[in-house]
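S.K.: what's the 3D shape of this:
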Amino acid sequence: MKKTKSDNHLYYFVCVSCGKKTSEAETTSRCLSCGGPLDVIYDYDYLRLQLNTYLLKNAAPKVMKYLDFYPLSKRHELFSLNEGGTSLHWAKNLEKKIGSGKLLIKNEGLNPTGAFKDRGSFVEINKAFELGFRSVCVASTGNMAASVSAYTAQAGMECFVFVPEGTPRGKLAQCLSYGAKVIQVSGTYSDANILAVKTAEKYGFYLAGDYVFRSEGQKSAGFELAEQMWWQDIDWVIAPVGMGTNIASIWKGFWEYHQLGFVKGLPRLVAVQAKGCSSIHSMADNQFIIKTVEKPLTICSAIAVGNPLDAPKVIRALKQSDGIVEIASDEETLSAQQLLAHNEALYIEPSSATTIVALQKLLKKGIISRTDTVVLIATGAGLKDPAATLKVLAEPPTIEPDLVEVERVISGKLFALRAKGMLEKEKVLFFALPEKKELRRIIKKEFSLNLTNSDFDNVYQEINNFINKGKNIAKADLQSILETIIQQESKKNYLELIDFHVEDSRNVRPKAEIIVKLNGKQYTSASEGVGPVDAIITAIKKVIDKYDGLNFRLTDFTVEIPTTGSDATVEVTMVLQESGGTQVIEKGTSPDIFVASTDAFIKGYNELLYQLKERGKAK
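M.R.: Below is the predicted model:
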């Protein structure tokens, strides 16, 4: 077949799966014969004659530097956000911590939109514009959607984005800010991708994604690594794998530099997948198989691809590099994310942290030597998906502006408690109320805490309340109870809820009856509400309004569930504000949302009244 000629070199497409040759005049996405992924094949003899080797070896790394290696005919007025040139961080502290050899991290989160996808978007969107397209559609788990949205915005192109429902909010915010038309799909990435393909066909849009032109842009990371290592050999490159385009592209970058004689040795690859979305599996004799995951289940949203279309490219790269596949669980990944942040001050998204898990496992197995040079590919910045991080990190304590309160938090070991509670949050510690001696042992073992007798008695009583509700006590439950007890002070108990009774049904407004103590006197009250919690709180507020007179209102009400299951513990946070502007934030914890909500409200009222009394604004 006739090759397609650009201004600087010859190239054509070949299907990685079936070997059929084709060109960009026929397709820009997949092989028309088998649907396999395409690769760009260059005339390397021609390319070698055209290259400015002095420029390549002396100019600073940047995506625009490698124009000779891209299938772009147009060389001026290109749409660029100054992508590439990301730092290669020498992780000396982490090296010592995990006992590895020379460890470097390619921080791709420093790209313009915070992820490696910008390398591919530069080539792909410029090529789409060159081919005459002015509308683009793309399916993505988030990072590519944000990147394509940014580059189409600069090019003045219309952009339609299909993402799975539940895509991290930070990535959605980027897409929407760049002006993309975002459509959430109730399903997996594969469902969104199929819909994007159909939309492109129906409306004549350019189909962006992990296709042939994107791969050509992403190989620039391989070029940069070779240069940033001063052309010295790298033993291992470890990268997270979702669709698989990135690791295959990085390999192609190294391979092309090797073909041209710029590097002597080639690294071995490690493809890391999330445990809940592992589709590429290694077999004996350097063989690999693909098992589609119908419903990916992982916190690593950026690699939650159950049917990676570029798996043939990944397998080819693994075979050529004598590479291997490794798996990382969500718990291991979130722990590794924190390990990197604590030791290197690098905050990367969870998908990127899977590389650290893989390195630790391969060091332990002896597959990676403790003298090897290893590069981890950190594909995206942590702020891309902060919600995932916060699943293992508790909110910081809120205190009054008083040094005594600072001393209380520090002496109460609240920070140590929260750090200890990061892992194994759903591990059940006990199913029934333990003996007090056993409970002290468990608290000491799990959280390294020695409680005062008063605090311990309060913890014991609260655990009894949980058990009476039929709740098994998981580590997250005990952590919530401990945090609540450590932070509360009995001197603020002006209001106590003795008991409540709620009647509710589908079509009738809920009714609540309550018994409270206010300033030592007991009162009863009843009320209706739009919901059971509203009915209880309204009944309590009736007593306050009649016998206290404090003018305040509930300004915010949030509910979080730190563990899974229908019996999960509920954490309710309420914000109460007095008419003069004084505001307090308090939290309640219980397996019962009514109890958690009323506890938060009672604590909030007590704290609010305490602060007003301290300032002489209440009697």
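
S.K.: surely E446 is in contact with I481?
M.R.: No - if you go by CB atoms under 8 Å, E446 and I481 don't touch, sitting 12.0 Å apart. C-betas here are computed from N, CA, C, even on glycine.

S.K.: quick one: which of those two has more around it?
M.R.: Set E446 next to I481 and count neighbours by other CB atoms under 10 Å: I481 wins out with 23 against 18.

S.K.: host element of the more buried one?
M.R.: helix 475-487 (DSSP states H and E).

S.K.: list the buried residues for that helix?
M.R.: 475-487 (16 or more other CB atoms under 10 Å).

S.K.: got it, and stretch 307-325?
M.R.: Residues of stretch 307-325 classed as buried: 307-318, 321, 323-325 (neighbour count, 16+ other CB under 10 Å).

S.K.: what does stretch 282-299 give?
M.R.: For stretch 282-299, by 16+ other CB under 10 Å, it's 282, 288, 293, 296, 298-299.

S.K.: repeat for stretch 443-450
M.R.: Buried residues in stretch 443-450, counted by 16+ other CB under 10 Å: 443, 446-447, 449.

S.K.: kindly export the helix holding I481 (C-alpha atoms) in CSV.
M.R.: The C-alpha trace of helix 475-487 is given here as CSV (Å, rounded to 0.1, in the frame of the first residue of the first chain):
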residue,chain,number,x,y,z
LYS,A,475,-11.8,-0.5,64.0
ALA,A,476,-13.4,2.6,62.3
ASP,A,477,-16.3,2.4,64.9
LEU,A,478,-13.9,2.3,67.8
GLN,A,479,-11.8,5.1,66.3
SER,A,480,-15.0,7.3,66.0
ILE,A,481,-16.0,6.6,69.6
LEU,A,482,-12.5,7.4,70.9
GLU,A,483,-12.3,10.7,68.9
THR,A,484,-15.7,11.7,70.2
ILE,A,485,-14.8,11.0,73.9
ILE,A,486,-11.4,12.6,73.7
GLN,A,487,-12.8,15.8,72.3
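
S.K.: so what does it touch, helix or strand wise?
M.R.: helix 414-420, helix 436-447, helix 453-468, strand 583-590 (3 or more CB pairs under 8 Å, 6 or more residues apart in numbering; DSSP states H and E).

S.K.: give the buried residues for whatever helix or strand comes next after the last one.
M.R.: Right, strand 583-590. Remark: after strand 583-590, the chain's next helix or strand is helix 593-614, criterion DSSP H and E. The neighbour-count check on helix 593-614 (16+ other CB under 10 Å) flags 593-612 as buried.

S.K.: phi, psi of L38?
M.R.: Here is the backbone geometry of L38 (degrees, to the nearest 10): phi -100, psi 150.

S.K.: any idea what it is bridged to?
M.R.: C15 (DSSP bridges).

S.K.: what residues are up against it?
M.R.: 13-16, 22, 27, 29-31, 211-212 (CB atoms under 8 Å, 6 or more residues apart in numbering).

S.K.: adjacent strands (with direction) for the helix or strand hosting V272?
M.R.: Element membership of V272 [criterion: DSSP H and E] is strand 268-274. With DSSP bridges as the test, strand 268-274 is paired with strand 236-240 (parallel), strand 324-328 (parallel).

S.K.: what segments of the stretch 201-350 of the chain are strands?
M.R.: 206-208, 236-240, 268-274, 280-282, 288-290, 324-328 (DSSP state E, counting those that start in this stretch).

S.K.: just the pLDDT for Y206.
M.R.: On the pLDDT scale, Y206 is placed at 97.

S.K.: mind starting the numbering at 628 from now?
M.R.: Understood, numbering begins at 628; the last thing we discussed is Y833.

S.K.: so what's the residue count around it?
M.R.: Other residues close to Y833 by other CB under 10 Å number 24.

S.K.: dihedrals phi and psi, the residue nearest the centre of the chain?
M.R.: Centroid-nearest residue in the chain: D1012, 3.8 Å away (criterion: CA atoms, centre = their mean). Phi and psi for D1012, reported as degrees, to the nearest 10, are phi -150, psi 70.

S.K.: contacts only, for it.
M.R.: Listed by CB under 8 Å, 6+ apart, the contact set of D1012 reads 769, 795, 797-798, 928-929, 976-977.
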